[in-house]
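> Mind looking at a prediction? Sequence and model below.
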Amino acid sequence: MYDELTAKDIQKMEEEIEYRKLVVRKEALEDVKEARAHGDLSENFEYKAAKKFKNENESRIRYLEKMIRTAKVISEDSAEDEVGMNNTVELFFEEDNEVETYKIVTTVRSNSLKNLVSKESPLGAAIYGHKVGDRCEVKVNDNYSYYVEIRKIENTVDDGSDELRKF
């Protein structure tokens, strides 16, 4: 199994790895060393917290490195008139009689609270590659689906402001 990532996703991950290795790791090790100097480790909250933070940082580094190793790099390019990566799309939800706007992103940048929808999500997969005026069926599962109509496509680009998910 692999995740589909853009070259910019990988660049952003590499930058985070470098920062975590050069800055955060050094701070975490210093915190552990300082907390250890406070004596009895069995009841030393600062030591346990420092160790936990150090381990979380190392875990995040391993996670990002694995994501990069196993990623399939996809293009951000799409036809001018169809839904593609990083495009902002205005959708009409027939069932709710509402219009909402979403941006199509990779899984590592998806954030439903900010209307950033993954290309692999049911909604993203249903509209990806379609054009204005298309009516698309969004299959949530075998028992439930709904329809959206693409009202507008804005060819936005990845300006780096969409953060990577923390997981």
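Perfect, I can see it now. Numbering: from 1, shown residues only.
> Distance check, A35 against S59.
Applying CB to CB, to the nearest Å, the value for A35 to S59 is 19 Å. To be clear about C-beta, it is placed using only N, CA and C from the backbone, and glycine gets the same treatment.
> the more surrounded of those two?
Remark: of A35 and S59, A35 carries more neighbours, 18 against 11, as counted by other CB atoms under 10 Å.
> Going by neighbour count, which residues in the longest helix seen in the chain are buried?
For the chain, the longest helix by residue count, based on DSSP state H, is helix 45-70. Within helix 45-70, the residues that qualify as buried by neighbour count (16 or more other CB atoms under 10 Å) are 47, 50-51, 54, 57, 60-61, 64, 67-68.
> Please apply the same query to stretch 28-37.
For stretch 28-37, the neighbour count (16+ other CB under 10 Å) marks 28, 31-32, 35 as buried.
> Could you pull up the mean pLDDT of the host helix or strand of A126?
Here A126 sits within helix 122-127, counting by DSSP states H and E. What helix 122-127 shows for mean pLDDT is 95.
> right, and the helix or strand after it?
Counting by DSSP H and E, the next helix or strand C-terminal to helix 122-127 is strand 135-141.
> Pairing partners for that next one, with directions?
Sheet partners assigned to strand 135-141 using DSSP bridges are listed as strand 144-154 (antiparallel).
> which residues touch the strand it pairs with?
By CB atoms under 8 Å, 6 or more residues apart in numbering, the list of residues contacting strand 144-154 from outside reads 81-83, 87-95, 99, 123, 126-127, 130-140.
> which stretches of the protein have low pLDDT?
1-2, 41, 159-161, 167 (pLDDT under 70).
> Test my guess that R36 contacts K48.
No - using CB atoms under 8 Å, R36 is not in contact with K48, being 10.9 Å away.
> Would you mark the buried spots in stretch 136-149?
For stretch 136-149, by 16+ other CB under 10 Å, it's 136, 138, 146, 148-149.
> With distance to D77 added, can I get those in TSV?
Shown next, in TSV, are the buried residues of stretch 136-149 (distance: CB to CB, whole Å):
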residue	distance to D77
C136	21
V138	24
Y146	29
V148	24
E149	25
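> Which member of these is positioned nearest I17?
Proximity of the buried residues of stretch 136-149 to I17 (CB to CB) peaks at V138, which lies at 35.0 Å.
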